[in-house]
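Visitor: any chance you can model this:
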Amino acid sequence: MGGDTGAEPARLAPAEGGGDRLRGFAYWIALVLGCGGILLTINQTFNLHLTGAPIIDTSFYYLLLGLFLSLAFLAYPAHGAAWRTIPWYDWGLFAACLGATSYLAWNGSRIVSEGWDLAAPPEAVAVAGIVCAIALEAVRRAAGIVLFLICAVFAAYPLFADSMPGFLWGPGSGLAETLSAHAMGVESIIGVPLRTVASLLVGFLIFGSALVVTGGGEFFMALAVALLGRTRGGPAKVSVMASGFFGSLSGSVISNVVTTGRLTIPTMKRVGYPAHYAGAVEACASTGGALMPPVMGAVAFVMAEFLNVPYSTVLIAAIVPALLYYGGLLLQADHYAARNGLKGQPAEEIPPLLPILKEGWHFLFSLGLLVYLLLVMKREALAPYIATCVLLGTTVAFGSKRFGLAGLRDLAIDTTRSIVNLVAVLAGVGFIVGSLSYTGVGGAFSRELLQFAGGNIYLLLVLGALTSFILGMGMTATACYIFLAVTLAPALISGGLHPTASHLFILYWGLMSFITPPVALAAITAASIAKADPWRTGTQAMRLGVVNFLVPFLFVLNPTLIMVGEPLHILHDVATACFAVWMIAATLEGWLVGIGRIAWPARALLAVGALGMLTPGLTSDLVGGALLALVYGGTALFRRRAPARGA
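Guide: Now for the predicted structure:
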């Protein structure tokens, strides 16, 4: 499982640059500190007392921050030309981070009991300044200049909040107070994002890495090819299925495109898909991975923390919207292939299903066990560790790939890389949450938005969608979600919308910028692999992802689609939504089952019928069904009469 959905460019740079800075001595330092951080997290999560005495939470967070944030300066360079070596100043920042966080960890009880976040000794304020500067530099290296600038502005916001107009006004603070609040308060650097990593995410990162190093990625790709490769347009369906698997475990859009796209995009082109269409399919499939249970990347865990609900609640709520999205992708790929006469992969390229399942059943078993522990046993903290132990044990006993001490080392270093990336991003994002909380601007923004909407829930949703989309262009998905969870989500909830649906709404719209020009990072990455025009790939990705533009409005206005309500109502609304997605796919691709190619008048009727199916209420469903019947009946009648007119 990767880190943040938007921080991939930095993560990919080593491969692109031909080098990896975590080599030699730096590799072993990362391995030792990473293993130490993982063991420390396990000790704290399960109260094992491996350290001999309990560690208070505040000290634990600083220790975790020091162990992983310090490694960001060894893993990521200050500039792009330094990927192969680690200069002296990066070692200096590494040591400074370890020293500063160790000081705060040692004084953890005093920070809490004496209120150092409000008034700290001079030496503590100096250390706080070092930690703040280090956190900002780490987020610049790991996530890029745009997120760095956003975090830096919010970090400094309390200094000039009392000079801002309107709802942007907040009580001002001096430099010492601001630094102390950010570094030693519980709302900023060690706020909700970092606490979520410590309490839940480390275990899931270990499980995701275990799947990678034991060969789970190759298994899921082979499984997708065996199941869907021979069908019409099979490679596109393989891309959708494989990217859904990978993306759910990694939550990482761009790295998902690169990992699976290098295999799926050339195959799609080989069977007849245009280059821009192949790139668009992969971009959409990879973007949806962050929305697909059971893991959904880092954001879903932060969401559960904000909502103060079990992760299983978020998981259940996300199932139907994700399936609607991927169902729409599969149907569009299938209808395009049918309309253009595209075939599947040659039979010699399709591996037999049973041998694949025989070799890789333990991957499916471990994933199923994880879901069982999450949904049935409700053991969010324990589930990934148990699933990982079972996965490793079954791999050693039954797997075709050898797994020994070298495999454990690869698992540890891969997990460490993922945690380093996540901590580097989320420590910086903590400034956003902290400043909005300390100044009260987050609540003021929410009240202002409610007042502007004037009680019109549809206007509020449109404003929320636009805000989420625009912020998604410049921020990582996690950063965008966290900012909106503090500012926008309370307005949606105060407007009478379901809390979980409101948070999922802003997540969905925050991810839309990955497939929508002018930014469209996923589409641009896929276009480079496909050797296609980026703008054309982006516009095609928007078209393929149209279901994802509609689904958030559906479930936020009709919570039955997130499994909230009476069972019969849920069943009815999910069924009509599935019909609507099918009709949308037929409209966009101009092909309908049982008819074949359809003209624009029929496509327009299908589009109106799909909107009817999507609108809650029996009357609108009947209108949608009637229009579907009209298209079938009218097309059949027209085709029977056409030969006679031609004669």
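Visitor: when you work out contacts or count neighbours from here on, use the C-alpha atoms and nothing else.
Guide: Noted.
Visitor: list the buried residues of stretch 175-194.
Guide: 176-194 (16 or more other C-alpha atoms under 10 Å).
Visitor: meant to ask about stretch 561-574
Guide: So, applying 16+ other C-alpha under 10 Å, buried residues of stretch 561-574: 561, 562, 563, 564, 570, 573, 574.
Visitor: state the mean pLDDT of that stretch.
Guide: For stretch 561-574, mean pLDDT rounds to 94.
Visitor: how about residues contacting it?
Guide: 316, 317, 318, 319, 320, 321, 501, 554, 555, 559, 560, 616 (C-alpha atoms under 8 Å, 6 or more residues apart in numbering).
Visitor: reformat these as CSV; add secondary structure, neighbour count and distance to residue 607.
Guide: As requested, those are arranged in CSV below (DSSP: H, G, I helix; E, B strand; the rest coil; neighbours: other C-alpha atoms under 10 Å; distance: C-alpha to C-alpha, whole Å):
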residue, secondary structure, neighbour count, distance to residue 607
316, helix, 15, 29
317, helix, 21, 27
318, helix, 24, 25
319, helix, 17, 25
320, helix, 22, 21
321, helix, 24, 19
501, helix, 27, 25
554, helix, 20, 16
555, helix, 25, 19
559, helix, 20, 23
560, helix, 23, 22
616, coil, 18, 16
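Visitor: all helices of the stretch 101-250 of the chain, in order?
Guide: 108-113, 122-143, 145-160, 175-184, 192-196, 202-213, 216-228, 234-250 (DSSP state H, counting those that start in this stretch).
Visitor: count of residues packed around the closest residue to residue 457 other than its chain neighbours?
Guide: For residue 457, ignoring the flanking residues on the chain, the nearest one in space by C-alpha to C-alpha, 6 or more residues apart in numbering is residue 495 at 6.6 Å. Residues within reach of residue 495, counting by other C-alpha atoms under 10 Å, total 17.
Visitor: residue 495 and residue 329, how far apart?
Guide: Counting by C-alpha to C-alpha, to the nearest Å, the gap from residue 495 to residue 329 is 32 Å.
Visitor: equivalent analysis for residue 289, please.
Guide: Noted for residue 289: a distance of 12 Å to residue 329, by C-alpha to C-alpha.
Visitor: go on, residue 578?
Guide: Relative to residue 329, and taking C-alpha to C-alpha, residue 578 is found at 12 Å.
Visitor: need the longest helix for the protein.
Guide: helix 405-439 (DSSP state H).
Visitor: buried sites along that helix?
Guide: For helix 405-439, by 16+ other C-alpha under 10 Å, it's 410-439.
Visitor: cool, stretch 72-82 as well?
Guide: 72, 73, 74, 75, 76, 77, 78, 82.
Visitor: quick one: the residue nearest to the spatial centre of the chain and residue 385, what's the gap?
Guide: Most central in the chain under C-alpha atoms, centre = their mean is residue 290, positioned 3.3 Å from the mean C-alpha point. Between residue 290 and residue 385 the computed distance is 21 Å (C-alpha to C-alpha).
Visitor: likewise for residue 226?
Guide: For residue 226, the distance to residue 385 - C-alpha to C-alpha - is 30 Å.
Visitor: the helices of the stretch 101-250 of the chain: lowest mean pLDDT?
Guide: helix 234-250 (a mean of 86).
Visitor: packing partners of that one?
Guide: helix 216-228, helix 253-270, helix 275-289, helix 297-307, helix 311-340 (3 or more C-alpha pairs under 8 Å, 6 or more residues apart in numbering; DSSP states H and E).
Visitor: with that, I have no additional questions.
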